[in-house]
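**Student:** here are the coordinates; sequence isn't available:
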């Protein structure tokens, strides 16, 4: 990624944890390979959810305001401070919330495996974060997510961009994530970009078998900026590749009572941010 030095880390390497922390500190991003999620599992997830989004039955699972789980229709969400709704639809899955029966088995397995990796990464952060930074944490990061029911799997569908898309409308406008860390298996199509400290955009590699990890606002706040919550976006495709794109980020969230700093809990911060992006 040019001078945006995101490290590709083999999860089996003895120094994987230290390299992960270095990459997350330097860029807000890291890439994992040789991880426990099998490519066939990822393919089964994409296939199953593609069928779900292709039917009108998806509207039967529409999220009720205040529940935060279920189906969100096209143009439900905007990036913070954006004047336009994103060109996407999505489904929110938590550990204990219902999902359509035809995708349930694959989805529960996938969610659990991604959370297993998420806890491993938080452990790497606990073990390798400098002591003067770690003293800002109200508790170890692994403790922040213990018994959390807020860990969100978001299954996204970006339809082909229509001729009626207005100026400035895009699949996902520039934004930062809310949570501690985000784990993203490679999307079905390219389009994800991250912005470096100089304001330049870089394509995030779209290679089968990768998991892209980025720091969210909660980790940035808890670490006093040591781990930056790097701005990223999903750009519209060229006409020659204007087809659906699917993506499945897992957002690792602390319990609502966890203090991010002395003035703010995770629950308070989440409520504030959900209002800003139009979901409450």
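**Tutor:** Sure thing, it's come through. Remember, it's a predicted structure, so these values are computed and weren't measured experimentally.
**Student:** the longest strand in this protein is where?
**Tutor:** Criterion DSSP state E: the longest strand present in the chain is strand 152-158.
**Student:** so what's the residue nearest to residue 159 when sequence neighbours are not counted up against?
**Tutor:** Nearest residue to residue 159, sequence neighbours excluded (Cβ to Cβ, 6 or more residues apart in numbering): residue 244, at 5.7 Å. To be clear about C-beta, it is placed using only N, CA and C from the backbone, and glycine gets the same treatment. Residue 244 makes contact with 50, 157, 158, 159, 160, 188, 189 under the criterion Cβ atoms under 8 Å, 6 or more residues apart in numbering.
**Student:** ChimeraX command to pick out the buried ones of those?
**Tutor:** Buried residues within the contacts of residue 244, by 16 or more other Cβ atoms under 10 Å, are selected in ChimeraX with:
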select :157,158,188,189
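**Student:** can you give me the helices for the stretch 51-200 of the chain?
**Tutor:** For the stretch 51-200 of the chain, the helices defined by DSSP state H, counting those that start in this stretch cover 101-128, 131-134, 141-144.
**Student:** quick check: angle from the first one to strand 152-158?
**Tutor:** Counting by axes from the mean of the first three to the mean of the last three Cα atoms, to 10 degrees, helix 101-128 points 120 degrees away from the direction of strand 152-158.
**Student:** shaky segments in this protein?
**Tutor:** Where the chain drops to pLDDT under 70, the residues are 1-3.
**Student:** if we go to 90?
**Tutor:** By pLDDT under 90, the weakly predicted segments of the chain are 1-5, 65-67, 186-188, 197, 204-209, 262, 275, 278-280.
**Student:** would you list the phi and psi of the spatially closest residue to residue 22 that is not a sequence neighbour?
**Tutor:** Nearest residue to residue 22, sequence neighbours excluded (Cβ to Cβ, 6+ apart): residue 7, at 6.7 Å. Main-chain torsions, residue 7, degrees, to the nearest 10: phi -90, psi 140.
**Student:** quick check: residue 7 touching residue 30?
**Tutor:** Yes. Judged on Cβ atoms under 8 Å, residue 7 makes contact with residue 30 at a distance of 5.9 Å.
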